[in-house]
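Chemist: Just the structure for this:
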Amino acid sequence: MINRFLPPIAIALMLILAPSSLWAEYSKLSFFGGLNLIYNSDGEGVTDVPGMQANGNPGGLSSAPSPLAAMLGAEYRQPLPLPVQIDFAPSLSIYGVQYLWGNDRPLPAEIENRTSYVASLFLDLPFLYRIDLNRFMLSFGAGPAILARYGFLESGVPSNAINPGEKLNAGEQVKAINDYFWQSGRWLCPTLQTGVRYQLDTGWGAGLTLRVALPVANLGSTPKVPFTDSMMFIAALVITPPVRKPAAAASAAAAVTAPATGTTPTANTAH
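Modeler: Numbering: from 1, shown residues only. So this is what the prediction gives:
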């Protein structure tokens with residue numbers, strides 16, 4: 001019984017641990033995880049913070065510092081039929097941030113002040129110039145990107161809750177947040193990016209990608225905010241599986257299974 005399972009197990013282990021000679025190239029599909037720093041300009045240039053206490057305790061600015069959100073995603077690279085090595089590399093990533101409504105716009109919020117949890121899908125559509133250097137692959141490029149954000153009322157926050165001095169209750173704030181994100185082209189965030197990938201002995205690729213997402217709508221939208229407001233700085237670790245050479249994989253599998261499938265010669269019993 002055990003011998004029946006040994007060949008498949010041996011094949012699986014061999015293919016996972018195989019040297020790079022068994023692999024033809026990277027898969028077009030990669031997976032990544034990293035951090036997204038979203039710049040919050042609220043309070044930028046303010047030297048006398050409203051609400052600052054005489055004893056030096058902070059107050060006044062209700063927004064949080066620039067949030068650092070964890071993100072996960074996947075990328076697909078399609079080489080283009082051009083004289084130079086250009087890849088079309090769309091990627092989709094997801095992350096979430098807590099927001100409140102203040103100063104006529106959504107602001108990142110501390111947990112005690114949050115009104116809405118905003119789930120975000122980031123669809124990046126860059127064109128990347130690729131340089132292959134032995135086991136290293138370098139890439140540089142830019143392209144348009146779509147940032148789809150939708151806010152939900154935070155768990156535990158009543159929709160009719162309203163803080164002193166505010167005009168909108170929590171439910172109305174969530175609506176205002178969602179309206180703001182889809183107005184004036186704020187969903188358009190073109191990116192600049194660079195990355196490096198290294199091919200391991202197993203054929204798998206491991207690397208780092210750096211991206212900057214530019215909130216171009218800030219150039220002409222209202223309320224007026226600095227261009228850098230909501231700019232995203234993204235760093236992600238990337239893992240790329242290999243593509244097997246069919247002939248090499250078949251030969252390797254045959255080498256493992258041959259002893260198990262062989263037959264034992266039988267004696268000639270004819271007289």
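Chemist: CA atoms for contacts and neighbours, from now on please.
Modeler: Noted.
Chemist: For the stretch 151-271 of the chain, just list every one of the strands.
Modeler: The residue ranges that make up the strands of the stretch 151-271 of the chain, judged by DSSP state E, counting those that start in this stretch, are 191-199, 205-213, 232-240, 242-244.
Chemist: Make JSON lines out of those strands and add distance to Arg105, mean neighbour count and mean pLDDT.
Modeler: Rendered in JSON lines, the data for the strands of the stretch 151-271 of the chain read as follows (distance: least, C-alpha to C-alpha, whole Å; neighbours: other C-alpha atoms under 10 Å; pLDDT from 0 to 100):
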{"stretch": "strand 191-199", "distance to Arg105": "23", "mean neighbour count": "20", "mean pLDDT": "96"}
{"stretch": "strand 205-213", "distance to Arg105": "19", "mean neighbour count": "19", "mean pLDDT": "97"}
{"stretch": "strand 232-240", "distance to Arg105": "17", "mean neighbour count": "21", "mean pLDDT": "97"}
{"stretch": "strand 242-244", "distance to Arg105": "45", "mean neighbour count": "19", "mean pLDDT": "79"}
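Chemist: could these be laid out in TSV, adding distance to Pro158?
Modeler: Written out in TSV, the entries for these read as follows (distance: least, C-alpha to C-alpha, whole Å):
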stretch	distance to Pro158
strand 191-199	37
strand 205-213	34
strand 232-240	31
strand 242-244	50
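Chemist: of the ones you listed, which approaches Asn169 most closely?
Modeler: Closest approach to Asn169 among the strands of the stretch 151-271 of the chain is made by strand 232-240 (28.9 Å; C-alpha to C-alpha).
Chemist: Select, out of the strands of the stretch 151-271 of the chain, the one closest to Leu68.
Modeler: Relative to Leu68, the nearest member of the strands of the stretch 151-271 of the chain by C-alpha to C-alpha is strand 232-240, separated by 9.4 Å.
Chemist: So what touches that closest one?
Modeler: By C-alpha atoms under 8 Å, 6 or more residues apart in numbering, the residues outside strand 232-240 that reach it are 26-27, 29-39, 197, 204-214.
Chemist: Also stretch 176-190?
Modeler: So stretch 176-190 is contacted by 100-101, 105-106, 124, 142-151, 213-218, 221 (C-alpha under 8 Å, 6+ apart).
Chemist: switch the cut-off to 6 Å
Modeler: Identification of contacts with stretch 176-190 by C-alpha atoms under 6 Å, 6 or more residues apart in numbering yields 106, 143-147, 150-151, 213-215, 217, 221.
Chemist: Next one: Arg77 from Gly205, what distance?
Modeler: Taking C-alpha to C-alpha, to the nearest Å as the measure, Arg77 and Gly205 are separated by 14 Å.
Chemist: OK, contacts around Gln78?
Modeler: For Gln78, counting by C-alpha under 6 Å, 6+ apart, the contacting residues are Asp87, Phe88.
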